[in-house]
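In: have a look at this fold, sequence not included:
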């Protein structure tokens, strides 16, 4: 029997991914325009760059900063909820880990080709994969005890955000949230221990609110926006290819030379 998908979870995940893609487009456009500004003559592209500047460092920057963390919070909560539905999280981990590794490889190759750093060493998919792997360790734990690791992970996140620890000359702990002092990321950086607690909040919600594994909004099933829900359903693959598509679009616009 075909497993029922919980449409509101797909919808929320799809919405988050679309908003991330929207943000990444303007972020990447802003980054490239700083380098290639003197080569840009198209009036429409110049207007787009003007919006990218306003989005990143201008009048929209504060709203963007707040909205970005809200979207990421929802994304990781939904990811945590989703892992409680799956019967084969090991397979999901392998898929996401391979996708994350390929993103690192491809963005490194593209960086070499265009002579500009857009490498993603530890992004959303890397963090998501690590969260899923850690969940596998706790997946057999009774749900009433999951509050303990969730609280510990949230406390660790607080310590990392508050103290901002770094190492002198090593990025060996960079994936966890303790990078080298001179560490700079090109596009995105999502330390596992800063988001693991949020992911486990989703795990708790999945265990308690969605223990019956059906939608709370079945009466609205026919009203759902299917394309967005489909994006949520195939989120890993869409997130994987969107960086390549965005760079290609910005190249077509004439920003990259």
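Out: Ah, there it is. All of these numbers come straight from a predicted model, not from anything done at the bench.

In: buried residues, the worst-scoring helix or strand of the chain on mean pLDDT. List them.
Out: The least trusted helix or strand in the chain, going by mean pLDDT, DSSP states H and E, turns out to be helix 226-233, with a mean of 79. Buried residues in helix 226-233, counted by 16 or more other C-beta atoms under 10 Å: 228, 229, 231, 232, 233. For every residue, glycine as well, the C-beta is placed using N, CA and C.

In: nearest to residue 147, of these?
Out: residue 232 (27.2 Å; C-beta to C-beta).

In: surely that closest one touches residue 13?
Out: Yes: using C-beta atoms under 8 Å, residue 232 is in contact with residue 13, at 3.5 Å.

In: residue 152: which of the buried residues of helix 226-233 is nearest?
Out: residue 232 (29.3 Å).

In: what's the burial count for residue 73?
Out: If you count neighbours by other C-beta atoms under 10 Å, residue 73 ends up with 15.

In: brain fart, residue 91
Out: Residue 91 has 10 nearby residues by other C-beta under 10 Å.

In: what about it, distance to residue 80?
Out: 18 Å (C-beta to C-beta, to the nearest Å).

In: cool, residue 67 as well?
Out: 21 Å.

In: buried residues in stretch 18-25?
Out: In stretch 18-25, counting by 16+ other C-beta under 10 Å, buried: 18, 19, 20, 21, 23, 24, 25.

In: go through those residues and name the one nearest residue 121.
Out: residue 24 (16.0 Å).

In: contacting residues around the closest one?
Out: Residues near residue 24 by C-beta atoms under 8 Å, 6 or more residues apart in numbering: 187, 188, 242, 243, 246.

In: that one belongs to a helix?
Out: Yes: with DSSP: H, G, I helix; E, B strand; the rest coil as the criterion, residue 24 is located in a helix.

In: and the gap between it and residue 178?
Out: Counting by C-beta to C-beta, the gap from residue 24 to residue 178 is 25 Å.

In: can you pull the contacts of the residue most central in space within the chain?
Out: What sits nearest the mean C-alpha location of the chain, by C-alpha atoms, centre = their mean, is residue 124, with 3.5 Å. Residues near residue 124 by C-beta under 8 Å, 6+ apart: 20, 75, 188, 190, 239.

In: these two touch, right, the fourth one and residue 126?
Out: In this case it means residue 190. Yes: applying C-beta under 8 Å, one finds residue 190 in contact with residue 126, separated by 7.0 Å.

In: neighbour count winner among those two?
Out: residue 126 (24 against 21).

In: and the more buried one, how close does it get to residue 191?
Out: 10 Å.

In: any residues in contact with both of the two?
Out: residue 175.

In: start and end of stretch 175-187, how far apart?
Out: 15 Å (C-alpha to C-alpha, to the nearest Å).

In: got a list of contacts for it?
Out: 24, 27-28, 31, 107, 111, 117-123, 126, 130, 157, 160, 165-171, 173-174, 189, 191-194, 243.

In: ok, now stretch 237-256?
Out: 17, 20-21, 24-25, 28-29, 32-33, 36, 39-40, 42, 45, 48-49, 99, 102-103, 106-107, 110, 114, 116, 118, 120, 124-125, 187, 231.

In: 6 Å instead?
Out: 17, 21, 24-25, 28-29, 32-33, 36, 45, 99, 114, 231 (C-beta atoms under 6 Å, 6 or more residues apart in numbering).
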